[in-house]
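Asks: What follows is a predicted structure for the sequence shown.
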Amino acid sequence: MRTVQDAGVEERARQMREEGSLLTNSGRPTAGARKLRAALRLLRWSPDVSPDRLAHRVLTSHVLISLGLAEAELGDTARGLATLDAADRIVTDHDRPILWQQRALVLHRAGRVDEALRLLDTAVPRLARAGDPFTLTSALLTRVAIGIGIGRTRRAREDLRTCRAIAVREGFALTEAKVAHDLGYCAVLDGDIPAALRSFEEAAGLYAEHGAGYLPVLAMDKARALLAAGLAGEAARELDSAFALFTSDRFSVDYAWAELTRAQAALATDEPGTARDWAVRAGRRFRRHGDHAWA
């Protein structure tokens, strides 16, 4: 029988899970992981407990799914995937597409693109049928990032149109910012630098209000646009200011990408020694994150 005490524990843990997930999604995985681990302690989860004996099975699986991403964002992909494996042992069939979406994001960030794309192509239709708009937009944005990475901007733009429509309807301001950001990067790949910079400015305004942790990542992509336009000096200055914006969570693979882009800017301004230093740093960080291909 469910007691008042059980209901209180579940409500507190649910709130902690929402706060932890928001912290991670706002670029603060250290604080997010701390909050999510506290929620697991409150729920008295142990990997040795049978799923059928868990008092709060569904909520516990949701906390583990969120924690897996936070741990991976801190640079420990293996630990993040292990936590997602733990979630897989207790998650319900109804929530399994949520787990697939999160695992795909971790795999993508570790450079395991083919595995991530297969999971997303399976998860997206299930999420659409389930009527879970936030997780659906998260899955679509991950698929967009993969599409951008392999140069498939047409499909990426289709997914972004769907994301924007959902975000406007549901009031997902941070998702709107991410859509503008990704549209800017699509424009970079298409060679339309003015359009890219306009989209980045739109994203910057939304991030400043709803997700300041993404501003350094946006600055990195703006620097890439400047590099593509032949403005290497401006790109280097943009990146140098971006490094100061990164939080203490510098194990994130985004920091490695920023370092690699800074190396490219140094090469373009005829500074091979500086480029080598930045590239070595980026390689170490990619390797620590489990992305040996980019390392």
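Replies: Yep, that arrived.

Asks: what bits of this structure have low per-residue confidence?
Replies: By pLDDT under 70, the low-scoring segments of the chain are 1-6, 247-252.

Asks: Beyond the helix or strand hosting C186, next helix or strand please.
Replies: Here C186 sits within helix 173-189, counting by DSSP states H and E. The helix or strand immediately downstream of helix 173-189 is helix 193-210, counting by DSSP H and E.

Asks: Assess the claim that R285 and W257 are in contact.
Replies: No. Counting by Cβ atoms under 8 Å, R285 stays clear of W257, with 9.0 Å between them. Heads up, the C-betas are built off the backbone N, CA and C, glycines and all.

Asks: Contacts only, for I193.
Replies: For I193, the contacting residues are A187, A225, A228, A229, by Cβ atoms under 8 Å, 6 or more residues apart in numbering.

Asks: how does it look with 6 Å?
Replies: A225, A229 (Cβ atoms under 6 Å, 6 or more residues apart in numbering).

Asks: any idea how far A180 is from it?
Replies: I193 is 16 Å from A180, where distance means Cβ to Cβ, to the nearest Å.

Asks: Then D132?
Replies: For D132, the distance to A180 (Cβ to Cβ) stands at 23 Å.

Asks: quick one, strands of the protein?
Replies: Taking DSSP state E, the chain contains no strands at all.

Asks: So in the protein, which helix runs the longest?
Replies: Identified as the longest helix of the chain according to DSSP state H is helix 4-25.

Asks: buried residues in that one?
Replies: Buried residues in helix 4-25, counted by 16 or more other Cβ atoms under 10 Å: 9-10, 13-14, 16-17, 19-25.

Asks: Kindly report the same for stretch 69-84.
Replies: Those would be 69-77, 80-81, 83-84, for stretch 69-84 by 16+ other Cβ under 10 Å.

Asks: Ok, stretch 24-34 next?
Replies: Quick answer for stretch 24-34 (16+ other Cβ under 10 Å): T24, N25, S26, G27, R28, P29, T30, A31, G32, A33.

Asks: what's the offset of it from the middle of its chain?
Replies: 11 Å (Cα atoms, centre = their mean, to the nearest Å).

Asks: do the same with stretch 163-172
Replies: 18 Å.

Asks: Cool, thanks, talk later.
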